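Engineer: Prediction below, plus the sequence it came from.
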Amino acid sequence: MKETLDVMDVPWIPQASFLFLDAIVQPALKVFEYGSGGSTIYFARKSCKLVAIEHDRDWFEAVQAKLQSYSISGVDLRFVPPEEQNIGTDNSDPAHYYEPPCTGNYQRYVSTIDEFRQASFDIILVDGTARPSCLQHAFLRVKPGGYLILDNSERPYYLAQVEHPLKRWERYTFWGHGPINPYMWECTIWKRP
């Protein structure tokens, strides 16, 4: 009998980018996610070694419940809410750790990845909040030959002020529909040399 999947079983990225991702994912890959959800379930069911952080308590609890419903353990799923004081209010500036309509900052959320040594992860998925800040912290944590994924890369402010080495990385850009939205959007995947 074929298993039925729901939208919480797959990453919420355009279909073409998911097919690309699915071709490279294998058990034991080390994955870090900014933002949790369908991708968390997907990576966990593929037996990846996974760290996922989430800023929204209700969504964190929903993902945690979904993992439990599948009897999946071993996922390092962390709730990291915003802090009280804003550092700045320019959501394109990685130094501001800001994402509207937040009234605080996401520095602790973004900096969670700094607990890990450089070149620790095979895949880093940036699909949460304060994405310019997440990107700035993620570059050095991608292993050579590993992948950095930015969902909604059509939003120009995500890359506008980010100082990055991505010009030297292989770039794959995908545009299309995904599992939840009625509109099309973009996802970009970079491969570190």
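Structural biologist: Received it, and whenever you're ready, just let me know what you need. Everything numeric here is computed off the predicted structure, so don't read it as measured data. Residues are numbered from 1 along each chain as shown.
Engineer: ok, the residue nearest to residue 102 when sequence neighbours are not counted - how many residues close by?
Structural biologist: Leaving out its chain neighbours, the residue that sits closest to residue 102 by CB to CB, 6 or more residues apart in numbering is residue 82, at 5.3 Å. Every C-beta, even on glycine, is put in place using the N, C-alpha and C of the backbone. Applying other CB atoms under 10 Å, we find 21 residues neighbouring residue 82.
Engineer: Who are the contact partners of residue 82?
Structural biologist: Residues near residue 82 by CB atoms under 8 Å, 6 or more residues apart in numbering: 55, 102-106, 109.
Engineer: what two of the residues you listed are the furthest from one another?
Structural biologist: 103 and 109 (14.5 Å; CB to CB).
Engineer: okay, the two: which has more neighbours?
Structural biologist: residue 109 (27 against 11).
Engineer: longest strand of the protein?
Structural biologist: strand 142-151 (DSSP state E).
Engineer: Wait, residue 184 touches residue 14, no?
Structural biologist: Yes: taking contacts as CB atoms under 8 Å, residue 184 lies within contact range of residue 14: 7.2 Å.
Engineer: List the strands paired with the longest strand of the chain, with their directions.
Structural biologist: Here strand 142-151 has these sheet partners by DSSP bridges: strand 121-126 (parallel), strand 185-191 (antiparallel).
Engineer: which stretch among these comes nearest residue 170?
Structural biologist: It's strand 185-191; of the strands paired with strand 142-151, that one is closest to residue 170 (CB to CB) at 4.2 Å.
Engineer: So what touches that closest one?
Structural biologist: Residues contacting strand 185-191 (CB under 8 Å, 6+ apart): 13-14, 17, 20-21, 145-154, 166, 169-176, 178.
Engineer: go on, stretch 111-127?
Structural biologist: For stretch 111-127, the external contacting residues (CB under 8 Å, 6+ apart) are 11-13, 21, 24-25, 29-35, 37, 39, 43, 48, 51, 53, 78, 80, 134-135, 137-138, 140-144, 146-152.
Engineer: try 6 Å
Structural biologist: Stretch 111-127 has contacts (CB atoms under 6 Å, 6 or more residues apart in numbering) with 29-35, 39, 53, 80, 134-135, 137-138, 140-143, 146-151.
Engineer: Next, the buried residues of that stretch.
Structural biologist: Residues of stretch 111-127 classed as buried by neighbour count (16 or more other CB atoms under 10 Å): 112-113, 120-127.
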